[in-house]
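Trainee: test case, fold it:
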Amino acid sequence: MRAVANGPCGHLAGPGAVTPEPHAGPGEVRVRVTAAGLNPMDWGIASQPEAAARFGTDVPAGFGFDFAGIVDEVGARATGFAVGDRVHGGALGRAATDFVVVKTPTGTTEPLWHTPEGISDEVAATLPVAGMTAAAALAAIDVRSGDTVLVGGAAGGVSVFAVQLAELAGARVIGTAAQGTFEYLRQLGAEPVTYGPGLADRVRALAPEGVSAATDLFGIETAETALALGVPPERISTIAAGPQPPGGVHATGGFDASPDARERIGDAVLAGAITVPIAATFPIEQIREAVTLQAGRHVHGKVVITLRPGH
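Mentor: You can find the predicted model right below:
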C-alpha cells in the first residue's frame, strides 16, 4: 500500500512509504480512493501546529480532506452503502492515500455521500470543502434575488462555487481578483474588480447603487471594504479571518452548511448550472508538485490528485 502525505508540507512521504492497509470495522466502510481534491486548509493542517489544533489534530499529520472513490469493504452494522458504490466525502488528514475508512452513519465532520452518475470522480473530489464552504458563506448572509454581492478572492477554489451559487440565487456578483483573472471571472459570470488599496472606490464606481452583501473568501480586505461601504455586519461573512473577524461579521465554514447543500450543488453540477473548473490534475506520485501549485494561491479553479483511473 502507498501512503503519501504522512508529514508536514515539504516533507510528504513518497510512494515508497508504507503503512498498514486499513480495513472496515463494525459500523464502517472502506473506500478505495480514486481522486483527492486539494484545499488551502490541507497544507495548513499538515504543517502548522496552530492550524492543526483548530481541526482537532496534531502535526505531523496526514494530508487532504476531500476524496472520491469506490466502496470496497462494508463492516458489520454499517448502513447506507454497499460494495461497489461510487462515493465522495471527507476524511481529515487521510484523503490522499489508497484507502479511507469512514464511520456510518456519517457525520458532518467526515461526511460520505453517493456520487451521482454523470459526475466524475475528479469533480466529485472537489465538492466537499469548496462547495460546502461556499454554500455556508452565502447562507450566513442570506444571499437572495436582487442582491449585489461582493465576493473577495473570487478566483479561488471556494469562490468558483460561491460566485455561481450567488448567481443561481438571482444576485449580481462583483468579485475581487488580480487583473490577470478577469476573463476567467467573467466566464463564471462575475464582474471583476482589482483588489488592493482603493477597492472601495472601485466598487462604488461599479455599483453606485450600493452593495447589499459580501463574503470574504481570502482574508479580511473585502470584509473591511464592505463595512466601509455601509454593508451591515450581519450581511458580511468570512471564512479565513479566524474566529473573531473584524466588525462583528460572520465567521463561517463548510461544517456550517445546511444538510441539503451538497445535494443542491450536485444537482446544479449535473444540470450544467455550475461549472467546476479543474485547473490541474496530478498523479499521486507528483503530490509535492500539486501541493506547491495549490499552496501558491494563484490557481484558478481546483487541483486534484488522481490515484487510479476514475469514472
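Trainee: contacts, neighbours, all on C-alpha from now
Mentor: Noted.
Trainee: by contact count, what packs against the longest helix belonging to the chain?
Mentor: The single longest helix within the chain, with elements called by DSSP state H, is helix 157-168. If contacts are counted by 3 or more Cα pairs under 8 Å, 6 or more residues apart in numbering; DSSP states H and E, helix 157-168 sits against helix 132-139, strand 148-152, strand 172-177, helix 182-188.
Trainee: just the buried positions in it, please.
Mentor: Going by neighbour count (16 or more other Cα atoms under 10 Å), the buried part of helix 157-168 is 157-167.
Trainee: any regions of the stretch 201-311 of the chain where pLDDT drops low?
Mentor: Within the stretch 201-311 of the chain, the segments meeting pLDDT under 70 span 297, 309-311.
Trainee: so which residues of it form helices?
Mentor: Using DSSP state H, counting those that start in this stretch, the helices assigned to the stretch 201-311 of the chain run over residues 221-228, 261-270, 287-295.
Trainee: quick one, strands of the stretch 1-150 of the chain?
Mentor: For the stretch 1-150 of the chain, the strands defined by DSSP state E, counting those that start in this stretch cover 28-37, 66-74, 86-90, 99-103, 112-114, 148-152.
Trainee: could you export these as a markdown table, including distance to residue 252?
Mentor: Output for the strands of the stretch 1-150 of the chain, formatted as a markdown table (distance: least, Cα to Cα, whole Å):
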| stretch | distance to residue 252 |
| --- | --- |
| strand 28-37 | 21 |
| strand 66-74 | 18 |
| strand 86-90 | 18 |
| strand 99-103 | 25 |
| strand 112-114 | 21 |
| strand 148-152 | 14 |
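Trainee: how about these, which one is nearest residue 182?
Mentor: Among the strands of the stretch 1-150 of the chain, the nearest to residue 182 by Cα to Cα is strand 148-152 (13.3 Å).
Trainee: strand partners (parallel or antiparallel) of the closest one?
Mentor: When pairs are called by DSSP bridges, strand 148-152 turns out to pair with strand 172-177 (parallel), strand 213-216 (parallel).
Trainee: using CSV, write down the CA coordinates of the last one.
Mentor: Just to be clear, that refers to strand 213-216. In CSV, the C-alpha atoms belonging to strand 213-216 read as follows (Å, rounded to 0.1, in the frame of the first residue of the first chain):
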residue,chain,number,x,y,z
ALA,A,213,-24.0,41.7,1.0
ALA,A,214,-20.4,40.5,0.9
THR,A,215,-18.4,37.4,1.6
ASP,A,216,-14.6,37.4,2.0
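Trainee: list the contacts of that strand.
Mentor: 137-138, 141, 143, 147-153, 222-223, 226, 231-232, 235-240 (Cα atoms under 8 Å, 6 or more residues apart in numbering).
Trainee: looking at the helices and strands packed on helix 157-168, which is buried most?
Mentor: strand 148-152 (a mean of 28; mean count of other Cα atoms under 10 Å).
Trainee: now do that strand, average pLDDT.
Mentor: For strand 148-152, mean pLDDT rounds to 98.
Trainee: okay, angle between it and helix 132-139 too, please.
Mentor: 140 degrees (axes from the mean of the first three to the mean of the last three Cα atoms, to 10 degrees).
Trainee: what distance separates the start and the end of stretch 268-284?
Mentor: This stretch, stretch 268-284, spans 29 Å end to end (Cα to Cα, to the nearest Å).
Trainee: for the residue lying closest to residue 249 once chain neighbours are set aside, what are its contacts?
Mentor: Setting aside the residues directly before and after it, residue 249 is nearest to residue 233 in space (Cα to Cα, 6 or more residues apart in numbering), at 4.6 Å. Residues in contact with residue 233, defined by Cα under 8 Å, 6+ apart, are 227, 247-250.
Trainee: good, wrapping up.
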